[in-house]
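Peer 1: what follows is a predicted structure for the sequence shown.
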Amino acid sequence: MIDLVLSSEVRAAKDAGRAIVALESTIITHGMPYPQNVEVAAQVEQDIRDAGATPATIAVIDGKLHVGLEADQLQTLGQAKGVAKLSRADMAACIATGGTGATTVAATMIAAQFAGVEVFATGGIGGVHKGAESTFDISADLHELAQTRVTVVAAGAKAILDVPKTLEVLETLGVPVIAYGQDAFPAFWSAQSPLPAPLRMDDAIQIAQAHATRNALGLPGGQLVANPIPADDQIPAEELTPIIEAAQADADTHGITGKGVTPYLLQRIFELTEGRSLTANIALVRNNARLAAQIAQELIKI
Ligand code: PSU
Ligand code: MN
């Protein structure tokens, strides 16, 4: 009933029992402009190969669930206009109606678990938006982390979100939030933030063991690994704060709501930083891909 299509390299990795790392596609279609989106996606895949694992970029194309994209499919998706942004609520509908859509963190986790992939690398997760007390805008990514058994490596949560509230919701939902190699929860464009992370681990082995232990306990849900951006690639928080406020004000002025909010804010911040937000974004995604590849390989050994 579900047309699951594995790329040739994912198929080979599965057959050989090698480590696989899932990658999302919303970052390609809604998170970065063409042609950098395709270049970055290919680069991140290569980073995973160089680190000893196999990349599996996930998307729905013409009603088929793809786990791993061939190079030409990545090109087509990266240039396509009007691609749906799929989350838990609409991925099945897209598959059932033969549609095409890019997967968010939530939808990528669902697809990864379905295909037997346990580790996933991305840039930032969705979370609790500023003003959520009146808009109720809380990403489905948080609930997904509470119910789907995939370890997600991200660079923390963007300051477009209400980060303290995001951490509170993750705690309520019982999602382990693990800072990698430091005490503070990283703030996406900055390695440090004033907020302590609930958990800290200093190597991929511990993270893999914690993942396996949760499974052994029969706990549903995954883990959020918050991997700080490399120091050289940071953008100081004081520089970004006014830009984020301006982007948020523009979103409010234009009445942007629902699924449109995150892509709109990312695009505005890209424009207002004259592309610097993208440069940092690329560095941190690549850094997350390398850590995810290590975790996936440790998991295979367990
Ligand atoms: N945050 C980022 N970059 C992104 C996204 C979030 O820093 O590209 C994307 C991811 O695909 C994430 C989605 O799953 O946005 C969250 O969207 P929403 O807030 O509508 O749930
Ligand atoms: Mn939302």
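Peer 2: All right, it came through fine. Ligands and ions are numbered 1, 2, ... in the order given.
Peer 1: all contacts plus neighbour counts: C-alpha atoms, from now on.
Peer 2: Noted.
Peer 1: around ligand 2, pick out the residues from the stretch 201-302 of the chain.
Peer 2: By the rule C-alpha under 5 Å from the ion, the part of the stretch 201-302 of the chain lying against ligand 2 is Gly258.
Peer 1: wait, what's in contact with the residue of the stretch 201-302 of the chain found nearest ligand 1?
Peer 2: Using C-alpha to the nearest ligand atom, the single residue of the stretch 201-302 of the chain nearest to ligand 1 is Lys259, 4.2 Å away. Contact analysis of Lys259 by C-alpha atoms under 8 Å, 6 or more residues apart in numbering lists Lys85.
Peer 1: for the one 10 residues further on, same thing?
Peer 2: Taking C-alpha under 8 Å, 6+ apart as the contact definition, Ile269 lies against Ile243, Ile244, Ala247, Ser277.
Peer 1: how about the strand ranked longest in the chain, does it reach ligand 1?
Peer 2: Longest among the strand segments of the chain by residue count, using DSSP state E, is strand 54-61. No - for a cut-off given as C-alpha under 6 Å from any ligand atom, strand 54-61 has no contacts with ligand 1; the smallest distance is 11.3 Å.
Peer 1: tell me which two in the contacts of Ile269 are the farthest apart.
Peer 2: Across the contacts of Ile269, the longest distance by C-alpha to C-alpha is 12.8 Å; it joins Ala247 and Ser277.
Peer 1: surely Ala226 touches Pro186?
Peer 2: Yes - using C-alpha atoms under 8 Å, Ala226 makes contact with Pro186 at a distance of 6.4 Å.
Peer 1: comparing those two, which shows the higher neighbour count?
Peer 2: Neighbours around Ala226 and Pro186, counted as other C-alpha atoms under 10 Å, are more numerous at Ala226. The numbers are 32 against 26.
Peer 1: what parts of the stretch 1-150 of the chain come near ligand 1?
Peer 2: Within the stretch 1-150 of the chain, the residues that sit near ligand 1 (C-alpha under 6 Å from any ligand atom) are 26-27, 31, 104-106, 123-126, 139-141.
Peer 1: roughly how far does the residue nearest in space to the middle of the chain sit from Glu239?
Peer 2: Centroid check for the chain by C-alpha atoms, centre = their mean gives Thr122 as the closest residue, at 3.2 Å. Distance, Thr122 to Glu239, by C-alpha to C-alpha, to the nearest Å: 24 Å.
Peer 1: with Ile302 instead?
Peer 2: Counting by C-alpha to C-alpha - Ile302 and Glu239 are separated by 43 Å.
Peer 1: do you have the strands of the stretch 1-150 of the chain handy? List them.
Peer 2: 4-6, 20-23, 54-61, 64-67, 84-86, 101-103, 119-121 (DSSP state E, counting those that start in this stretch).
Peer 1: related to what we said a few turns ago, ok, the contacts of Ile269 vs ligand 2, which is closest?
Peer 2: Of all those, ligand 2 sits closest to Ala247, with 15.7 Å by C-alpha to the ion.
Peer 1: give the contact list for the closest one.
Peer 2: Residues in contact with Ala247 (C-alpha under 8 Å, 6+ apart) are Leu265, Arg268, Ile269.
Peer 1: nearest residue to the second one other than its sequence neighbours?
Peer 2: Sequence neighbours aside, Ala247 is the residue nearest to Arg268 in space, at 5.6 Å (criterion: C-alpha to C-alpha, 6 or more residues apart in numbering).
Peer 1: which stretch of helix or strand covers that neighbour?
Peer 2: Using DSSP states H and E, Ala247 sits within helix 237-253.
Peer 1: residue numbers of the stretch 51-200 of the chain in contact with ligand 2?
Peer 2: Residues of the stretch 51-200 of the chain lying close to ligand 2 (C-alpha under 5 Å from the ion) are Asp137, Ser139.
Peer 1: state the mean pLDDT of stretch 15-30.
Peer 2: In this model, stretch 15-30 has a mean pLDDT of 96.
Peer 1: show me what counts as buried in that stretch.
Peer 2: Ala19, Ile20, Val21, Ala22, Leu23, Glu24, Ser25, Thr26, Ile27, Ile28, Thr29, His30 (16 or more other C-alpha atoms under 10 Å).
Peer 1: and if you look at stretch 239-258?
Peer 2: Buried residues in stretch 239-258 (16+ other C-alpha under 10 Å): Leu240, Ile243, Ile244, Ala246, Ala247, Gln248, Ala251.
Peer 1: would you turn the residues you listed into TSV with pLDDT?
Peer 2: Listed next are the buried residues of stretch 239-258 as TSV, based on pLDDT from 0 to 100:
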residue	pLDDT
Leu240	89
Ile243	93
Ile244	91
Ala246	93
Ala247	93
Gln248	91
Ala251	92
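Peer 1: distance to ligand 1 added to those residues, as a markdown table?
Peer 2: Formatted as a markdown table, the buried residues of stretch 239-258 follow (distance: C-alpha to the nearest ligand atom, whole Å):
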| residue | distance to ligand 1 |
| --- | --- |
| Leu240 | 14 |
| Ile243 | 15 |
| Ile244 | 12 |
| Ala246 | 17 |
| Ala247 | 14 |
| Gln248 | 13 |
| Ala251 | 13 |
